[in-house]
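Trainee: no sequence for this one, just the structure:
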């Protein structure tokens, strides 16, 4: 992305959306959520990610957490999320935040149901 200037000062823009989240290591009480970093940070470092969840039939989004990922490798981020819905299906979306604010959400994840793998 080309840097824009206003009055000789760099203009910060909202970053692009993170990649579509994908759940892995699914357990009864938690899972890991992986997603790609935004292709553009809008000219400022990504400070944190906001993760929201909802039942895919209702689409009433709720905050799961706002934090820095527990794991980062190249362009992949990973955050641990807790089960707040029991045995009901859930989908996730992720937002990135820099000093200019919170950007647009990622594409929704596929639905998952928290279950013990055993």
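Mentor: That came in fine, so what should we check first? Small disclaimer: the values here were computed from a predicted structure and weren't measured.
Trainee: which parts of the chain are strands?
Mentor: Applying DSSP state E to the chain gives strands spanning 4-6, 9-11, 22-24, 30-36, 48-54, 62-67, 71-73, 76-82, 91-98, 101-102.
Trainee: tilt between the longest one and strand 62-67?
Mentor: Per axes from the mean of the first three to the mean of the last three CA atoms, to 10 degrees, the angle that strand 91-98 makes with strand 62-67 is 40 degrees.
Trainee: on that earlier part again, and the strands of the chain: which comes nearest residue 111?
Mentor: Proximity to residue 111, assessed across these by CB to CB, is greatest for strand 91-98 (5.2 Å). Where C-beta positions appear, they are placed from N, C-alpha and C, glycine not excepted.
Trainee: residue 19 contacts residue 78, correct?
Mentor: No - the pair residue 19 / residue 78 is not scored as a contact, 12.0 Å apart, by CB atoms under 8 Å.
Trainee: who does the one residue sitting closest to the centre of the chain form a beta bridge with?
Mentor: Most central in the chain under CA atoms, centre = their mean is residue 94, positioned 2.3 Å from the mean C-alpha point. Going by DSSP bridges, residue 94 is paired in beta bridges with residue 51.
Trainee: and residue 86, how far from residue 13?
Mentor: The spacing between residue 86 and residue 13, counted by CB to CB, to the nearest Å, is 40 Å.
Trainee: pick out whichever of those two has more residues nearby.
Mentor: residue 13 (18 against 9; other CB atoms under 10 Å).
Trainee: how close does that one get to residue 33?
Mentor: 26 Å.
Trainee: ok, now residue 41?
Mentor: Going from residue 41 to residue 33 by CB to CB gives 20 Å.
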